[in-house]
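> Can you look at this prediction? I've put the sequence above it.
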Amino acid sequence: MNRTTLLISLFSLVLVGSLAVPSGDTSADPEKARACLDSMVSGAISSGMRVRGTDIYSAGPQSAVTYRLTLYKGMSYVLLGCADGDDVDLDMRLYDSEGQLVSNDKSPDPQPFVDVEPPKTGEYVLEVLVYKSSAPNTDFAVAVAYKY
Amino acid sequence: MPVLSARGVFVLLAIVSLFVGCKSGNNSAPEPDAPAAEPAATGGDAAAPEASADGMADVPTKIDVSAVKEEGRVAMFVPAPTEFQAALQASDIKIDIRKLVKDSGRTLEGKNRSIIALETGVRLSNLLLSVQAQDKTEVINRVKLARDGVEALGLPQEVLAGIDSTMKEYQDGSLSDAELGPVLDILAKGIRDDLADQADPTLATLVEAGGWVQGVYLLSTALGEQGVTGDAADLLHQPTVLAHFTKFIKESDAGRAGDPDVVSVIGELDKMQVIASKAELTSDDVKAVAAHTAAILAWF
């Protein structure tokens, strides 16, 4: 399964996911975030990827949550995120151990994803930012998938 | 955590083929006009991002990551054992650690819960690594071994039922070899989540630690025997993961209580930390890692 096919699958799932999340619901809902992420993870799996892990967390508007990730050089990783409502702008940024930006998704939607082939083996920092949300608290789910 | 239906994981694929969308603002490389230096947010603290002219958040090209080492979430910090094999393949290194997986014969009887959790991690690791590389009988046996560990840790019947139904689908052929791997990834993650939510959060980390030690053992043994260093040995060079597990085990109830088995494990981890502090691993270092991880596994 090549990279283009994977990305097409994920692009498609962003669209499917946005259809699946009802509009106008601004209350935090971890199950909604989880269901949305499950759809994206399914797309990754169907593209020949395996899943390292997932997490569900929450943050207020203009707040970020950081994750420590160990990534291997040469691998193809996809970092997936999904917020609990379609009015949310959820962004993702990946930094290396020196704090240098490696990749990001700042598109104004609730389902960011970042694909990356790490330049070196080591620790990275994933920043998940609730950039815009009408709710005081936004639940989101994230996952790390890799090509196998 | 609800256990996904094995077939359900693949249902969306049919829908996906009907849609092709597009997404803006997705970048694989830093943007040249992005502003520099913004402190990293941690654990939900406000990041106070700036807006750019297009209404999207400006993305700093550099942040201070020092606080993240202490406060960043670690739910996805540790690589899965299968990532070792994937990384070897990605680097075109002709070593297949999946074929090196052997069941130890260690039992769970008379062991404390910390050791059972570590051993369960080893069993899950063996299963996940070998699922697409060994015959069906061995895979089914490894599922049983992992299930025994999960049961000994006291997870609820619904978790065991999820394992059983997955195995039934695998045995009757409705779940293929290729599909089983990803399904077991999700099942293993669900088991760790259930341990964290329902049983004891520390056990979930110990399961993860056991799987990581087994992966490191298999890889270091293979590399040591073939005298391989370079990028392959770099996969073993994970000082922050090692420090994460060492600190956790030292601060666990069994570690603080001076449980002799756990104290022995900590001793080996400390020796590995000395090796991990080097800039690069030599062939002798790789062999030493294999010896230390073998010693750790012997205490399980």
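Looks like it came in fine.

> Now do the strands for chain A: every range, in order, please.
With DSSP state E as the criterion, chain A has strands at A:49-59, A:63-71, A:77-83, A:89-95, A:101-105, A:113-116, A:122-132, A:138-147.

> Unless I misread the structure, B:Val207 falls within a strand.
No. Read with DSSP: H, G, I helix; E, B strand; the rest coil, B:Val207 is helix and lies in no strand.

> Look up how far chain A lies from it.
12 Å (CB to the nearest CB, to the nearest Å). Bear in mind the C-beta positions are built from the backbone N, C-alpha and C, glycine included.

> Now for that residue: which residues touch it?
B:117-118, B:120-121, B:124, B:153, B:191-192, B:195 (CB atoms under 8 Å, 6 or more residues apart in numbering or on different chains).

> Now compare the residues you listed and name the two farthest from each other.
Of all pairs drawn from the contacts of B:Val207, the greatest distance, 14.1 Å, lies between B:Leu118 and B:Ile191 (CB to CB).

> Close to chain A: what parts of the stretch 151-300 of chain B are there?
The stretch 151-300 of chain B comes close to chain A at residues B:181-182, B:185-186, B:189, B:231, B:234-235, B:237-238, B:240-241, as judged by CB under 8 Å from any CB of the partner chain.

> I figured A:Tyr146 hits B:Gln89, correct?
No. Taking contacts as CB atoms under 8 Å, A:Tyr146 lies outside contact range of B:Gln89: 11.1 Å.

> Just want to know which of those two has more residues nearby.
Neighbour count, other CB atoms under 10 Å in any protein chain shown: between A:Tyr146 and B:Gln89, A:Tyr146 has more, with 23 against 16.

> Identify the bridge partners of the residue nearest to the more buried one when sequence neighbours are not counted.
Leaving aside its sequence neighbours, A:Tyr146 sits nearest to A:Tyr77 (CB to CB, 6 or more residues apart in numbering or on different chains; 5.0 Å). Using DSSP bridges, the bridge partners assigned to A:Tyr77 are A:Val116, A:Tyr146.

> who's in contact with A:Tyr77?
When contacts are counted by CB under 8 Å, 6+ apart, A:Tyr77 touches A:71, A:115-118, A:144-147.

> Need those residues in CSV (columns: distance to B:Thr61 and pLDDT).
Formatted as CSV, the contacts of A:Tyr77 follow (distance: CB to CB, whole Å; pLDDT from 0 to 100):
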residue, distance to B:Thr61, pLDDT
A:Leu71, 19, 96
A:Asp115, 19, 94
A:Val116, 16, 96
A:Glu117, 19, 95
A:Pro118, 17, 95
A:Val144, 23, 97
A:Ala145, 26, 96
A:Tyr146, 25, 95
A:Lys147, 27, 92
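
> Name the nearest of these relative to chain B.
Nearest to chain B among those: A:Val144, at 4.6 Å, using CB to the nearest CB.

> The residue lying closest to that closest one once chain neighbours are set aside and A:Tyr67: what is the separation?
Nearest residue to A:Val144, sequence neighbours excluded (CB to CB, 6+ apart): A:Arg52, at 4.2 Å. Computed as CB to CB, to the nearest Å, the A:Arg52 to A:Tyr67 distance reads 11 Å.

> Also A:Met40?
Distance, A:Met40 to A:Tyr67, using CB to CB: 17 Å.

> repeat for B:Val216
Separation of B:Val216 from A:Tyr67 (CB to CB) stands at 22 Å.

> now B:Ala161
Note on B:Ala161: its distance to A:Tyr67, by CB to CB, is 31 Å.

> Between those two, tell me which one has more neighbours.
More crowded of B:Ala161 and A:Tyr67, by other CB under 10 Å: A:Tyr67, with 24 against 11.

> Identify the residue spatially nearest to the more buried one, adjacent ones excluded.
A:Tyr67's closest residue in space is A:Leu126 (CB to CB, 6+ apart), at 4.2 Å.

> Could you check which helix or strand contains B:Gly211?
helix B:201-226 (DSSP states H and E).

> Could you tell me the angle between that helix and strand A:49-59?
Between helix B:201-226 and strand A:49-59, the angle comes out at 150 degrees (axes from the mean of the first three to the mean of the last three CA atoms, to 10 degrees).
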